[in-house]
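Enquirer: Quick one: sequence plus predicted model below, questions after.
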Amino acid sequence: MATAIRDITGGELSLFGDIVARLERLGPESDARSVIFLDVMRLLRGDFGASYVWDARKNRFDEAVNFNMTPSNLRRYEEWYQFRDPMTFELRARRRATLVDQVIPRHKLIRTEFYNDFLARDGLHHGVNMFIFDGDRDLGDLRIWRARGRPDFCERDLDLLDALEPHLRRALLRCGRCERLTPREREVAALVARGCTDRDIARILGIGFGTVRTHITNAMSKNGCSNRAELAAAFARQS
């Protein structure tokens, strides 16, 4: 790690190295967040955690991975509280590991509906978040919390997450969602990446113009892309 991390044991340093090694070995069939999430919780000494991916087409966070969160409470977040969240979008805008207290003072947070009817139900009190991007594309996040009465997160935890970020970003790019495309969707996405128009694609593949549009729409949805340029960039990175 380029940064000297304070308050880290020999076992935790070894765990960090193991997490990095696994991320670098992951192939495109793996979900990088799921593979390392439990060990990241151990490294950050967290009590609760969740991870989502922002879906630009649906305008919502999706694809949850979680640790020690009540399933019913997570559903309440996904169906209601993510749209009434007083701090996550500001945390996301910072694009680096950030303490929740840095974007909303604790005394304000604990007066919100989000805290009392969502966070406090599972015991979440101290939080640190990190959002991983490739350019403007959201690849995923880590949201880690400790219970009331535990020490707050500190510079040590920010440094660990920031040191982990480039390895996780590379793994998420390799494990990109273009692998989920059907063979025809991949053909269409490849032609989009080459700069072909919809009519060009229809002519090259011998399919209808409307069918091309359907394949492009499906491919963008599976990749969380909001336009053709994002789809072309995603396919080019993962091919």
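Expert: Alright, I've got the coordinates.
Enquirer: going forward, measure contacts and count neighbours with C-alpha atoms only.
Expert: Will do.
Enquirer: quick one, helices of the chain?
Expert: Here the chain has its helices, by DSSP state H, at 10-25, 32-43, 71-79, 88-94, 106-109, 113-114, 120-122, 155-174, 183-193, 198-205, 209-223, 228-238.
Enquirer: could you dump those helices to JSON lines with mean pLDDT?
Expert: Formatted as JSON lines, these follow (pLDDT from 0 to 100):
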{"stretch": "helix 10-25", "mean pLDDT": "95"}
{"stretch": "helix 32-43", "mean pLDDT": "95"}
{"stretch": "helix 71-79", "mean pLDDT": "95"}
{"stretch": "helix 88-94", "mean pLDDT": "96"}
{"stretch": "helix 106-109", "mean pLDDT": "96"}
{"stretch": "helix 113-114", "mean pLDDT": "96"}
{"stretch": "helix 120-122", "mean pLDDT": "96"}
{"stretch": "helix 155-174", "mean pLDDT": "93"}
{"stretch": "helix 183-193", "mean pLDDT": "91"}
{"stretch": "helix 198-205", "mean pLDDT": "93"}
{"stretch": "helix 209-223", "mean pLDDT": "88"}
{"stretch": "helix 228-238", "mean pLDDT": "79"}
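Enquirer: For Val100, which of the ones you listed is the nearest?
Expert: Nearest to Val100, of all these, is helix 88-94, at 7.3 Å by C-alpha to C-alpha.
Enquirer: how about that closest one: buried residues?
Expert: Using 16 or more other C-alpha atoms under 10 Å as the test for burial, helix 88-94 gives 88, 91-92.
Enquirer: what's the most centrally placed residue in the chain in contact with, if anything?
Expert: Geometric centre of the chain, nearest residue: Gly140, 1.0 Å, by C-alpha atoms, centre = their mean. Gly140 makes contact with 51-54, 131-133, according to C-alpha atoms under 8 Å, 6 or more residues apart in numbering.
Enquirer: which residue packs closest to it, ignoring adjacent ones?
Expert: Sequence neighbours aside, Val53 is the residue nearest to Gly140 in space, at 4.2 Å (criterion: C-alpha to C-alpha, 6 or more residues apart in numbering).
Enquirer: Let me know whether that neighbour touches Phe133 as I believe.
Expert: No: taking contacts as C-alpha atoms under 8 Å, Val53 lies outside contact range of Phe133: 10.3 Å.
Enquirer: Mutual contacts of these two, please.
Expert: In contact with both Val53 and Phe133: 139-140, using C-alpha under 8 Å, 6+ apart.
Enquirer: Please convert the contacts of Gly140 to JSON lines, extending it with neighbour count.
Expert: Formatted as JSON lines, the contacts of Gly140 follow (neighbours: other C-alpha atoms under 10 Å):
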{"residue": "Ser51", "neighbour count": "22"}
{"residue": "Tyr52", "neighbour count": "21"}
{"residue": "Val53", "neighbour count": "19"}
{"residue": "Trp54", "neighbour count": "18"}
{"residue": "Phe131", "neighbour count": "26"}
{"residue": "Ile132", "neighbour count": "22"}
{"residue": "Phe133", "neighbour count": "19"}
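Enquirer: out of those residues, who's nearest Val212?
Expert: Nearest member of these to Val212, counting by C-alpha to C-alpha, is Trp54, at 25.5 Å.
Enquirer: In the sheet, which residues pair with that closest one? Tell me.
Expert: Phe61 (DSSP bridges).
Enquirer: how does the protein divide into domains?
Expert: For the chain, automatic domain parsing gives the domain ranges 10-175, 178-238.
Enquirer: thinking again about what came up before, looking at the helices of the chain, which is nearest to Lys58?
Expert: Closest approach to Lys58 among the helices of the chain (C-alpha to C-alpha): helix 209-223, 8.5 Å.
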